[in-house]
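Q: Below is the sequence, then the predicted model.
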Amino acid sequence: MYDVGIKPRESAVIVSVTRKGTDPIVIQEHLDELELLLDTAGADVCARMYQERVRPDVATALGSGKVAELKEILEESNATMVVFDDDLTPGQVRNLERETKVKVLDRCGVILDIFASRARSVEARTQVELAQHEYLLPRLTRMWTHLSKQYGGVGTRGPGETQIETDRRMFRQRIQRLKEKLLQVETQRTVQRASREGMPRFALVGYTNAGKSSLLKALAQADVYIENRLFATLDTTVRAMQLPDGRKALLSDTVGFIRKLPTQLIASFRSTLAETLEADVLLHVVDASNEAYRDHVDVVQQTLASLGAADVPVIMVFNKIDAISDRHRLNDIELEFPHAVFVSALRGINVNRLLESMCQTYDESSNVLTLLVSYEDGKRQHGIYTETNVIARSEEADGIRLSVRVPSDKLSSFKTRYADLLHSPS
Ligand SMILES: Nc1nc2c(ncn2[C@@H]2O[C@H](COP(=O)(O)OP(=O)(O)OP(=O)(O)O)[C@@H](O)[C@H]2O)c(=O)[nH]1
Ligand SMILES: [Mg+2]
């Protein structure tokens, strides 16, 4: 895979260009998060700066005065790169690099770097590599200038246009091949998925580091990777678990979301996410101890909507309540989210209450039908058992009465095919 640019324990200056009138607290929160991202990528932050502008400068994002200030900061520090919290155009990166003589990255570049170093499974690696190629394609000039700097020393000119054209062609071919490879993996997954049908399915979603994997561990007693870093999880994990009434269910844990998650990443992770989002109920996990929890909730809701999952029933789960000392904070959240469940995955607080809520939400949200099938019709009995979740069965004079739960996406087709057996619940 390509290295977007960060070497372990480099030092960076971070920059934010914001619209006029942005709340300074919000700016600092965003820069805090960028600092955390850089820490995860392996770099330290030695200085931060921001500028409010009506709109970012077309050539250098920052105004010329601020660029001069940035150069001074760079001279006085040992920083080897500048990282912008905002998306930069390839042109802005080039101009800024020429001015500052250090590497210039944007937030997307950093997130891609983290994903690249953390992806483990073949699928995640392919997805990340695809996203990187899509991101780098318009920026190839810059990358090659980097390479020539790295290998040819400062001052060497970038490669000629012919070289860049050849590389662009190579990138396009590679993108094509990666897309084909992903399609193959997806087909395999559809086959695996079919064998899991019928069980209630829950999916953990939420901002990165909210505690999704910790909840998977608490709910399904699964041994999963948990770390106080962003994007600890990149591969989707599905675990079987037991609901309080004894039913078996499936619970999945997947990659977390973040503000400005690169569109290239959302696009290439779409199929993994789509599988997760086909769940009957989503558990939206929020780190209630984070000052910016409200923004996190918005980001996750927007991301879910952009993935077409806005209509899936959701349980709001506010996690890390053990780490909140301010009782008012909890009261505020309770007022705004009256149906939310407050838990601590780490301490096991209220896990049982969450399990109850999962049962209840699933039952309320799913579609229960009653069917009467004749004793002789073994074929259709078999069909019903494979396609639905049978909740109750009673043998009666005129046939077998079955109460079944049908996944929402299959409901209308199921009703059409079994119309003659449908019975109003008695
Ligand atoms: N105090 C406290 N810390 C928690 C709790 N739940 C999780 N954590 C910590 O929060 C950090 C992140 O937990 P994870 O479970 O890895 O979070 P995640 O949502 O899976 O994060 P990503 O996979 O990186 O998106 C870890 O250091 C956990 O130990 C909790 O209830 N209380
Ligand atoms: Mg995780």
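A: Thanks, I have it. Given the structure is predicted, the values throughout are model-derived calculations rather than measurements. Ligands and ions are numbered 1, 2, ... in the order given.
Q: Please, where are all the strands along the stretch 301-426 of the chain?
A: Secondary structure of the stretch 301-426 of the chain by DSSP state E, counting those that start in this stretch: the strands cover 314-319, 341-342, 367-373, 389-396, 399-406, 422-423.
Q: Just list what the second one packs against, helices and strands only.
A: Using 3 or more Cβ pairs under 8 Å, 6 or more residues apart in numbering; DSSP states H and E as the contact criterion, the secondary-structure elements in contact with strand 341-342 are strand 314-319, helix 327-336, helix 351-365. Glycine gets a C-beta too; all of them are placed from N, C-alpha and C.
Q: Pull up the pairing partners for that strand, direction included.
A: Applying DSSP bridges, strand 341-342 is found paired with strand 314-319 (parallel).
Q: near ligand 1, anything from the partner strand?
A: Yes. With Cβ under 6 Å from any ligand atom as the threshold, strand 314-319 lies in contact with ligand 1, specifically through Asn319.
Q: so that strand versus helix 327-336, what angle?
A: 180 degrees (axes from the mean of the first three to the mean of the last three Cα atoms, to 10 degrees).
Q: Is strand 314-319 in proximity to ligand 2?
A: No. If you take Cβ under 5 Å from the ion as the test, strand 314-319 misses ligand 2, and the best it gets is 11.9 Å.
Q: what comes into contact with that strand?
A: The set of residues external to strand 314-319 that reach it, using Cβ atoms under 8 Å, 6 or more residues apart in numbering, is 210-211, 214-215, 281-288, 293, 297, 333, 337, 339-345, 354, 357-358, 361.
Q: among these, which are in helices?
A: In helices, defined here by DSSP state H, the members of the contacts of strand 314-319 are Ser214, Leu215, Tyr293, Val297, Ile333, Leu354, Ser357, Met358, Thr361.
Q: does the residue nearest to the fifth one when sequence neighbours are not counted have beta-bridge partners, and which?
A: Pointing back at Ile333 there. Once its chain neighbours are removed from consideration, Ile333 has its nearest residue in Phe318; the separation is 5.8 Å (Cβ to Cβ, 6 or more residues apart in numbering). Partner residues in beta bridges with Phe318: Val286, Phe342, with DSSP bridges as the criterion.
Q: May I see the buried residues of the longest helix anywhere in the chain?
A: Longest helix in the chain by number of residues, with DSSP H as the criterion: helix 161-194. Of all the residues in helix 161-194, those buried under the rule 16 or more other Cβ atoms under 10 Å are Ile164, Asp167, Phe171, Ile175, Leu178, Lys181, Leu182.
Q: And the residues you listed, which is closest to ligand 1?
A: Lowest distance from ligand 1 to those (Cβ to the nearest ligand atom) belongs to Leu182, with 21.4 Å.
Q: Give the closest residue to that closest one in space, chain neighbours not counted.
A: Among residues not flanking Leu182 along the chain, Thr126 sits closest, at 5.5 Å (Cβ to Cβ, 6+ apart).
Q: so what's the backbone phi/psi at the one you found?
A: In terms of degrees, to the nearest 10, the main-chain angles of Thr126 are phi -70, psi -40.
Q: Over to Asp223?
A: Here the main-chain torsion angles of Asp223 (degrees, to the nearest 10) amount to phi -90, psi 100.
Q: number of nearby residues for the residue nearest to it when sequence neighbours are not counted?
A: For Asp223, ignoring the flanking residues on the chain, the nearest one in space by Cβ to Cβ, 6+ apart is Lys217 at 7.1 Å. Using other Cβ atoms under 10 Å as the criterion, Lys217 is surrounded by 19 other residues.
Q: Ok, Pro262 next?
A: Considering only other Cβ under 10 Å, Pro262 is surrounded by 22 other residues.
Q: From ligand 1, how far off is it?
A: 15 Å (Cβ to the nearest ligand atom, to the nearest Å).
Q: who's in contact with that residue?
A: Counting by Cβ under 8 Å, 6+ apart, Pro262 touches Cys108, Ile111, Leu112, Ala131, Tyr135.
Q: returning to what we had before: how much space is there between the residue nearest to Ile333 and Ile258?
A: With distances defined as Cβ to Cβ, to the nearest Å, the gap from Phe318 to Ile258 amounts to 19 Å.
Q: Same question for Asp420.
A: Counting by Cβ to Cβ, the separation of Asp420 from Ile258 is 50 Å.
Q: more crowded one of the two?
A: Counting neighbours by other Cβ under 10 Å for Asp420 and for Ile258 shows that Ile258 has the greater number, 23 against 9.
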